[in-house]
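# could you look at this predicted model? Sequence included:
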Amino acid sequence: MKNSFLLMGRTGFAIGAAICAALLAYGYFLQYVQGLQPCPLCMVQRGFFFLMLVFFAAGALHGRAALVYGGLAFLSAAGGAATASRQVWLQSLPPDKVPQCGPDLFFMLDNFPLAQTLEKLFYGSGECAVVDWTFLGLSMPGWVLVCAVLLGVAGLVINWPLRDSRSAWRG
C-alpha cells in the first residue's frame, strides 16, 4: 500500500512536470518559429513555469518531501497566476488607459537596479496589453492563468493520498 501511494504521487509530479515542459516548449515555438515576441510580463510568467517544472520534476525524482515540493509548486503557480492576472487586466483596459510602452527586459536589467526592474516588470507596460494570440476566446495570459491555477491545485492535490497514507503507516 505504501509503495502504491508513493508511486501515485511521483506519477502526479511527473505529469505536472511534463505539462510545464510542454507549455514552455509551446511558448518557445511561438517565439522562435512563429515570431511572436514575449513581453516583460510573459517573461516573468515563463520564469514561474520554469520554477514549477523544477519542483514537479524534483517531486517526481525524489518521491520524498512531497509536501515541500507540492507546496513550492503551488507557490510558483500562485506567482504565475498573479502575473498572468495582471496582464489579463492590462489587456482588458480601454486603449486610452493602457500605460505607455517602456524599455525591454534586457535594457532594464542592464540599466536599472534589480528592485526597480522587478517593479516595472510586474506593473507591465503598453506592450503587455497587446493581444497577439487567442484560442477559444482567451488570450495567452488568460490560458497561462488557467494553467497556473490548475497546476497549483494539482501540486496540492497530489499530496492528499500521500498525507492520508502517512498517518496510517504510523498507527
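Received, thanks. Numbers count the residues shown, from 1 in each chain.
# who are the contact partners of the residue nearest the centre of the chain?
Nearest to the geometric centre of the chain sits Phe49, at 3.5 Å (CA atoms, centre = their mean). By CB atoms under 8 Å, 6 or more residues apart in numbering, Phe49 lies in contact with Cys20, Leu23, Leu24, Gly27, Ser76, Gly80, Val144, Ala148. Every residue, glycine included, has its C-beta placed from N, CA and C.
# Val144 now?
Taking CB under 8 Å, 6+ apart as the test, what Val144 contacts is Leu23, Gln45, Phe49, Gly80, Ala84, Gln87.
# now, which of the contacts of Phe49 sits nearest Gln116?
Gly80 (21.9 Å; CB to CB).
# report pLDDT for that closest one.
pLDDT for Gly80: 92.
# got it, and Tyr123?
64.
# now swap in Pro113 and tell me
80.
# okay, it and Glu119: tell me how far apart.
In this view, Pro113 and Glu119 are 10 Å apart by CB to CB, to the nearest Å.
# dump stretch 81-93 to CSV, restricted to CA.
Output in CSV follows, covering the C-alpha atoms of stretch 81-93 (Å, rounded to 0.1, in the frame of the first residue of the first chain):
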residue,chain,number,x,y,z
ALA,A,81,-1.3,33.3,-11.8
ALA,A,82,-0.8,36.7,-10.2
THR,A,83,1.4,37.8,-13.1
ALA,A,84,-1.0,36.5,-15.7
SER,A,85,-3.9,38.2,-13.8
ARG,A,86,-2.1,41.5,-14.1
GLN,A,87,-1.6,41.0,-17.8
VAL,A,88,-5.2,40.0,-18.4
TRP,A,89,-6.2,43.1,-16.5
LEU,A,90,-3.9,45.2,-18.7
GLN,A,91,-5.4,43.7,-21.8
SER,A,92,-8.9,44.5,-20.6
LEU,A,93,-8.2,48.2,-20.3
